[in-house]
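Q: Provided below are the primary sequence and the corresponding predicted coordinates.
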Amino acid sequence: MFGFSVFKIIFTVVIVYVVWNAFKVFARMQDQRGDRARVNRKKPAPPPPAHGPAHGGAEDMVECATCGAYVTRGTKACGRDNCPFSG
């Protein structure tokens with residue numbers, strides 16, 4: 001009943017080998033996860049967003065006294081005689 005056979009010994013060795021490799025894979029995954037966490041912590045913070053139209057930010061608009069349209073500062077004249085914007 002409790003006798004040793006070649007099949008039982010080989011089966012035990014295979015089971016030990018599978019469990020051993022499973023632990024190695026698990027440990028490797030843990031190390032890689034820790035490496036990624038360390039790399040993510042070392043990344044510098046992104047720069048604050050710049051303002052203005054060149055950087056995709058918002059720009060204040062002013063109302064044209066002649067036509068009533070809202071335009072950005074420094075815009076070209078609309079072509080009317082009394083346009084307050086020169087450009």
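A: Perfect, thanks for sending it.
Q: where along the protein do the helices fall?
A: 6-42 (DSSP state H).
Q: Show me it divided up by domain.
A: Structural domains assigned to the chain are 1-44, 52-87, following automatic domain parsing.
Q: and those, which is most packed in?
A: Ranked by mean neighbour count, those are led by domain 52-87 with a mean of 11 (mean count of other Cβ atoms under 10 Å). For the C-beta atoms, the positions are set from N, CA and C on the backbone; glycine is no exception.
Q: Neighbouring strands of the helix-or-strand element of the chain with minimal mean pLDDT in the sheet, and parallel or not?
A: Every helix and strand of the chain was ranked by mean pLDDT, DSSP states H and E. The lowest is strand 70-72, at a mean of 79. Each strand paired with strand 70-72, and its direction, by DSSP bridges: strand 61-63 (antiparallel).
Q: For the partner strand, what is the distance to the chain centroid?
A: Here strand 61-63 is found 36 Å from its chain centre; the criterion is Cα atoms, centre = their mean, to the nearest Å.
Q: Any stretches of this structure with poor pLDDT?
A: 1-2, 39-57, 85-87 (pLDDT under 70).
Q: Kindly recompute the last result at 80.
A: 1-3, 35-60, 64-69, 71-87 (pLDDT under 80).
Q: From the chain's centroid, how far away is the least confident helix or strand of the chain?
A: 35 Å.
Q: do stretch 75-87 as well
A: Centre-to-centre, stretch 75-87 and its host chain are 44 Å apart (Cα atoms, centre = their mean).
Q: For residue 18, give me its contacts.
A: Taking Cβ atoms under 8 Å, 6 or more residues apart in numbering, we find residue 18 in contact with no residue.
Q: Surely residue 77 is in contact with residue 83, unless I've mixed up the numbering?
A: Yes - contact criterion Cβ atoms under 8 Å: residue 77 and residue 83 qualify, at 4.4 Å.
Q: Residue 12 and residue 3, how far apart?
A: Distance, residue 12 to residue 3, by Cβ to Cβ, to the nearest Å: 14 Å.
Q: Done for today, thanks.
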